[in-house]
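# sharing a model prediction with you, sequence too.
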Amino acid sequence: MLGFDDLVIVALNFRVVSAPQSSAGPARPPASATADELSVVAPGHVGPSGTRITARLALRGSGRVQGLSTTLEWDPDVVRPLTASAGAMITAGGGVVLSPAPGVADAALLGARVVGLSGEGVVAEVGFEVLRAGDPHIAIASVIARDAANRPVAVVRGIASGGREPQRIAGARSVEIGDALPDRGRGLCCGRRRSRNRFRSAA
């Protein structure tokens, strides 16, 4: 399985056989976004055991982002991640989504674009299995984004769980142009007493 760095390189060098698209926008008209903001939309309460739920990664894009890697966090006593697939925004733009580790979605457009992901849409969907009823505490742990020149792009992270309004967070793991990419770590990182665990992609 390709890691995010390799996926971006392959995607940027991808040669489209048919006429290439100059942009990758969703079905709805592009918003006049000046910054890129990513939120996760997921239920605030789940149950019973054995049911499936979906967490959707929603992007409000300025057009700078060519690819992004999102790592989710969740309560492992309540849910566990099973799948990751492309959302409508990536599908419409001729892109792909890979999942190198549970709860990780790496999305990229195939072929460098003058305008990348612009407007509002879903870039990826992550499927979870419910282990017991409760609040799954699904949130964005980290996000890394790149532009068409493979330079880091800052992304604001938000939380939109269970119908709540997004809490906009310019987190420490957002990446500015010129910054070194953060070490995404290995394995499982345990949270506080409520056991919010964070998966990160393996090296």
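Yes, it's here.

# alpha carbons only for contacts and neighbour counts from here, please
Will do.

# ok, which stretches of the protein are helices?
With DSSP state H, the ranges of helices along the chain come out as 4-12, 88-92.

# can you add mean neighbour count, mean pLDDT and distance to residue 132 and give these back as TSV?
Shown next, in TSV, are the helices of the chain (neighbours: other C-alpha atoms under 10 Å; pLDDT from 0 to 100; distance: least, C-alpha to C-alpha, whole Å):
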stretch	mean neighbour count	mean pLDDT	distance to residue 132
helix 4-12	19	94	32
helix 88-92	20	96	30
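
# go ahead and confirm residue 14 touches residue 111.
Yes: if you go by C-alpha atoms under 8 Å, residue 14 and residue 111 touch, sitting 4.8 Å apart.

# for the closest residue to residue 11 other than its chain neighbours, give its distance to residue 94.
Nearest-residue entry for residue 11: residue 110, 4.6 Å, with adjacent residues in sequence omitted and distances by C-alpha to C-alpha, 6 or more residues apart in numbering. The spacing between residue 110 and residue 94, counted by C-alpha to C-alpha, to the nearest Å, is 6 Å.

# same deal with residue 152?
Separation of residue 152 from residue 94 (C-alpha to C-alpha): 21 Å.

# who has more neighbours, those two?
Between residue 152 and residue 94, counted using other C-alpha atoms under 10 Å, residue 152 has the larger neighbour count: 23 against 17.

# so what's the more buried one scoring on pLDDT?
Per-residue confidence at residue 152 stands at 96 (pLDDT).

# OK, contacts around the closest residue to it other than its chain neighbours?
What sits nearest to residue 152 in space, not counting adjacent residues and going by C-alpha to C-alpha, 6+ apart, is residue 146, at 4.5 Å. For residue 146, the set of contacting residues under the criterion of C-alpha atoms under 8 Å, 6 or more residues apart in numbering consists of 8, 65-68, 152-153.

# please repeat the previous calculation with a cut-off of 10 Å.
If a contact means C-alpha atoms under 10 Å, 6 or more residues apart in numbering, then residue 146 has 4-5, 8, 64-69, 108, 152-155, 175, 177 as its contacts.

# touching, residue 88 and residue 107? I think so.
No: with contacts defined as C-alpha atoms under 10 Å, residue 88 does not count as touching residue 107, sitting 11.8 Å away.

# what is the neighbour count of residue 97?
Residue 97 sits with 24 neighbouring residues when counted by other C-alpha under 10 Å.

# ok, the residue nearest to it when sequence neighbours are not counted to residue 115 distance?
Setting aside the residues directly before and after it, residue 97 is nearest to residue 107 in space (C-alpha to C-alpha, 6+ apart), at 4.3 Å. In this structure, residue 107 and residue 115 are separated by 16 Å, where distance is defined by C-alpha to C-alpha.
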